[in-house]
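K.L.:
Sequence first, then the predicted structure:
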Amino acid sequence: MDLWKVAPEVYKGMSAFQAAAAEGLDPVIAELVKIRASQLNKCAFCLDMHLTEARKAGESQLRLDLLDAWEESPGLYSEKEQAALALTEAVTSLDGGTPQGHFVPDEVYERAAEHFDEAELARLIAQIIAINAWNRFQVTTRALPASLRDGGKR
């Protein structure tokens with residue numbers, strides 16, 4: 001299904017939400033978050049798009065290659081980036097929860113709050129939610145990555 005063609009108002013709403021989430025958020029962190037969530041959600045469409053965008057913006061191939069193992073890559077990602085990635089994983093997974101019933105552990109949230117002021121943190125959370133929504137739309141509708149549509153020339 002081409003969801004965006006049959007429901008353009010949904011695309012318009014998602015695009016507005018995405019733009020609002022990105023406003024004022026560090027673009028490097030925003031791309032890392034989009035890529036990490038897309039890895040967790042196995043969204044080939046979004047991975048293809050955001051890896052391509054990150055490379056065009058000058059992101060190093062090493063950082064992109066090791067993003068799936070960011071916790072095991074000392075010194076490659078800043079403390080702020082690591083806090084954003086940890087929050088991304090917690091919000092994306094929402095699995096199991098803590099004994100207190102919290103699905104995003106307090107220590108993960110507090111770590112992010114140490115590196116982001118309240119407005120930035122709100123945008124970061126919105127960014128994580130936005131990419132998770134985009135991932136779910138694309139995975140559900142079997143969206144074909146652009147690189148596969150154009151014969152792998154990207």
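P.N.:
Looks like it arrived, so ask away.
K.L.:
quick one: residue 136 and residue 41 touch, right?
P.N.:
Yes - using C-beta atoms under 8 Å, residue 136 is in contact with residue 41, at 7.1 Å. Just so you know, the C-beta spots here come from the backbone N, C-alpha and C atoms, and that holds for glycine as well.
K.L.:
neighbour count winner among the two?
P.N.:
residue 41 (19 against 12; other C-beta atoms under 10 Å).
K.L.:
Read off the pLDDT value for that one.
P.N.:
pLDDT recorded at residue 41 is 96.
K.L.:
Tell me how many other residues crowd the closest residue to it other than its chain neighbours.
P.N.:
Excluding the flanking residues, the one nearest residue 41 by C-beta to C-beta, 6 or more residues apart in numbering is residue 135, at 3.9 Å. The local packing of residue 135 (other C-beta under 10 Å) involves 24 other residues.
K.L.:
From residue 47, how far off is residue 135?
P.N.:
Residue 135 sits 9 Å away from residue 47, going by C-beta to C-beta, to the nearest Å.
K.L.:
Pull up the overlap in contacts between these two.
P.N.:
Common contact partners of residue 135 and residue 47 (C-beta atoms under 8 Å, 6 or more residues apart in numbering): residue 38.
K.L.:
can you tell me which helix or strand the residue nearest the centre of the chain belongs to?
P.N.:
Closest to where the C-alpha atoms of the chain average out (C-alpha atoms, centre = their mean) is residue 34, at 2.1 Å. Assignment of secondary structure by DSSP states H and E places residue 34 within helix 27-40.
K.L.:
That concludes my questions; thank you for your assistance.
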